[in-house]
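>>> no FASTA, just this:
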């Protein structure tokens with residue numbers, strides 16, 4: 001996980017990733033823009049003299065495998081029909097029908113969260129309460145918003161308590177399991 005408060009949290013990146021994934025599949029122009037973002041940067045034309053800087057500790061990046069994310073998406077499809085809901089064109093449906101479908105999706109998503117995760121708030125204070133963040137607070141756990149100037153201690157109003165996964169209990173997958181199959185096609189005989 002990133003420790004910079006300017007980067008979105010893991011849970012904020014999940015819907016971004018799904019949106020980018022489906023947009024890339026369905027929109028060739030969008031896919032071309034994403035491809036440009038993933039190309040390595042060209043080397044500078046003229047050599048630039050290096051500026052001496054203090055040696056920083058190397059950043060070690062963990063390589064994430066998509067299997068757990070795909071497994072979670074499959075569970076959300078199985079219990080909440082989340083993919084079906086997001087792939088449906090809602091323009092032709094009445095608001096009452098969309099609300100009824102959203103209730104089914106909500107209940108299924110809540111079931112997946114209860115069954116496979118223990119979620120707890122990052123901060124215990126009530127939302128709306130005034131808190132003080134002292135020097136050394138964890139920027140991965142607390143994102144500062146508004147007029148951020150200076151250094152800690154910071155005094156502000158807690159607008160969201162945040163969420164942390166206390167435990168994850170995803171089912172184990174067999175070696176032959178194809179995590180890319182989020183929901184098998186159904187053929188009624």
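The structure has been received and is ready for your questions. Quick caveat: nothing in here was measured; it's all calculated off a predicted structure.
>>> Now the element after the helix or strand harbouring residue 105, going C-ward?
Per DSSP states H and E, residue 105 falls inside helix 95-116. Following helix 95-116 in sequence order, the next helix or strand is strand 117-121 (DSSP H and E).
>>> where in the chain is pLDDT low?
Residue ranges of the chain with pLDDT under 70: 1-6, 10, 12, 14, 16, 18, 22-26, 31, 38-49, 51.
>>> For it, just list every one of the strands.
Along the chain, counting by DSSP state E, strands occupy 117-121, 130-133, 154-157, 163-168.
>>> Columns mean neighbour count and distance to residue 54 on top of those, output as JSON lines?
Yep, even glycine has a C-beta here, placed from its N, CA and C like the rest. Converted to JSON lines, those look like this (neighbours: other CB atoms under 10 Å; distance: least, CB to CB, whole Å):
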{"stretch": "strand 117-121", "mean neighbour count": "13", "distance to residue 54": "37"}
{"stretch": "strand 130-133", "mean neighbour count": "12", "distance to residue 54": "26"}
{"stretch": "strand 154-157", "mean neighbour count": "13", "distance to residue 54": "26"}
{"stretch": "strand 163-168", "mean neighbour count": "12", "distance to residue 54": "33"}
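>>> Would you mind saying which of these lies nearest residue 145?
With distances scored as CB to CB, the stretch of the strands of the chain nearest to residue 145 is strand 154-157 (8.4 Å).
>>> Thank you, goodbye.
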